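Colleague: missing the sequence, but the structure's below:
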């Protein structure tokens, strides 16, 4: 049995690696895709183009502006003076947000009256808009708290500021500590998911072409007269691409650590073991697509239509909890979901097998089912 499997494995290696271009395509594109995705998929908002409209022009309004600029998140790029200037700054994309300090801002603050600061945000990108609104609210809230605290000091009272008699400041302060990703870099969240997606794309497409290629180049007749069993042929077709997948896992993980400096707190051996379980699923799915396709073009199209829904329902970019309930149940059928949870857990949390065993078990079950279906679907005949 193993002799027959080894013959198929050696044949697949020779057929896959004999062309220099094919050898390059197996390993260089995954690294290039990781670099592109790693730099492009970034939701951090560090330098917001801000337009500042100061209608008060007082030391307090300038102090507020200085707080926005010193935060490191806002860059004042324009100072509109009229409403038309504000409209043009947002319409032309010159500024992502506009802060309007209304007239009599400092006078109202010193007299204890409500003083409003209007923040206009370009909502074209909802994620960026929500982050900009949050950053702006934090700065204004900190400024308001500092002003309220200063109004209780004799220094401000000597300037004529009126302090409300019944004002009470809370004595409880919340201190937030973020685990696993203290700096809240979105890259640390996305890059491990990119690793899982790239491995799926590479192995799925390679194996989807395995059986179809035999039909197109005319070697299926030779396999028909051999004593190979369907399962042996499936294993022989799978093992070479499993080796390619493992090499890609090591290569891409190394690039993620060296180029993007993603924290890796877990066990490398556990990551490899989980990658093997995941490869069983992706390779089995690719082989199944290969058995139901008649041409390599059909196989590539079917692998595309399989990978896109898997990507969308994996939780890579969109939280699964935010999806409709019916769609959330569908995600349990997606093996990519489990592997992304495993990779992020190993990279960021340092999770061990005691935590990740449910996801690993699901991958093993899905891998066994897909490989079995592929073997059962294959018939040693031309049609």
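Modeller: Sure thing, it's come through. Being a predicted model, the structure only gives us computed values, none of them experimental.
Colleague: Tell me how far the residue nearest the centre of the chain lies from residue 292.
Modeller: Among the residues of the chain, the one closest to the centroid is residue 190, at 2.9 Å (Cα atoms, centre = their mean). In this view, residue 190 and residue 292 are 33 Å apart by Cβ to Cβ, to the nearest Å. Bear in mind the C-beta positions are built from the backbone N, C-alpha and C, glycine included.
Colleague: In stretch 242-262, which residues are buried?
Modeller: 242, 244-246, 248-249, 252-253, 255-256, 260, 262 (16 or more other Cβ atoms under 10 Å).
Colleague: which sections of the stretch 51-200 of the chain are below the confidence cut-off?
Modeller: Scanning the stretch 51-200 of the chain for pLDDT under 70 picks out 150-176.
Colleague: how about 50 then?
Modeller: Along the stretch 51-200 of the chain, segments meeting pLDDT under 50 span 155-157, 159-173.
Colleague: And the helices in it?
Modeller: 59-70, 83-91, 105-110, 126-150, 154-157, 186-208 (DSSP state H, counting those that start in this stretch).
Colleague: Ok, which of these comes nearest residue 42?
Modeller: With Cβ to Cβ as the criterion, residue 42 lies closest to helix 186-208 of these, at 5.7 Å.
Colleague: now for whichever helix or strand comes after the closest one, which elements pack on it?
Modeller: The helix or strand immediately downstream of helix 186-208 is helix 210-217, counting by DSSP states H and E. Contacts defined by 3 or more Cβ pairs under 8 Å, 6 or more residues apart in numbering; DSSP states H and E place helix 210-217 against helix 230-259, helix 268-291, helix 296-312.
Colleague: would JSON lines of these with mean pLDDT and distance to residue 111 be doable?
Modeller: Listed next are the helices and strands packed on helix 210-217 as JSON lines, based on pLDDT from 0 to 100; distance: least, Cβ to Cβ, whole Å:
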{"stretch": "helix 230-259", "mean pLDDT": "84", "distance to residue 111": "56"}
{"stretch": "helix 268-291", "mean pLDDT": "89", "distance to residue 111": "62"}
{"stretch": "helix 296-312", "mean pLDDT": "87", "distance to residue 111": "54"}
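Colleague: mind checking which of those helices is nearest residue 70?
Modeller: For residue 70, the closest of those is helix 230-259, at 30.9 Å, according to Cβ to Cβ.
Colleague: now that closest one, how far from the centre of its chain.
Modeller: 22 Å (Cα atoms, centre = their mean, to the nearest Å).
Colleague: Which strands and helices lie in contact with that helix?
Modeller: helix 2-17, helix 20-40, helix 186-208, helix 210-217, helix 268-291, helix 353-377.
Colleague: Just name the most buried of the helices of the stretch 51-200 of the chain.
Modeller: helix 186-208 (a mean of 24; mean count of other Cβ atoms under 10 Å).
Colleague: and the angle from that helix to helix 2-17?
Modeller: Computed by axes from the mean of the first three to the mean of the last three Cα atoms, to 10 degrees, the angle separating helix 186-208 from helix 2-17 equals 110 degrees.
Colleague: packing partners for helix 186-208?
Modeller: So helix 186-208, by 3+ Cβ pairs under 8 Å, 6+ apart, packs with helix 20-40, helix 230-259, helix 268-291, helix 296-312, helix 335-344.
Colleague: Can you tell me which of those helices is packed in deepest?
Modeller: When those are compared using mean count of other Cβ under 10 Å, helix 335-344 is most buried, at a mean of 25.
Colleague: so who does the nearest residue to residue 204 once chain neighbours are set aside touch?
Modeller: Distances taken as Cβ to Cβ, 6 or more residues apart in numbering put residue 286 closest to residue 204, at 4.5 Å, once the chain neighbours are dropped. Residue 286 is in contact with 203-208, 210, 241, 303, counting by Cβ atoms under 8 Å, 6 or more residues apart in numbering.
Colleague: Of these, which pair is most distant in space?
Modeller: 241 and 303 (12.8 Å).
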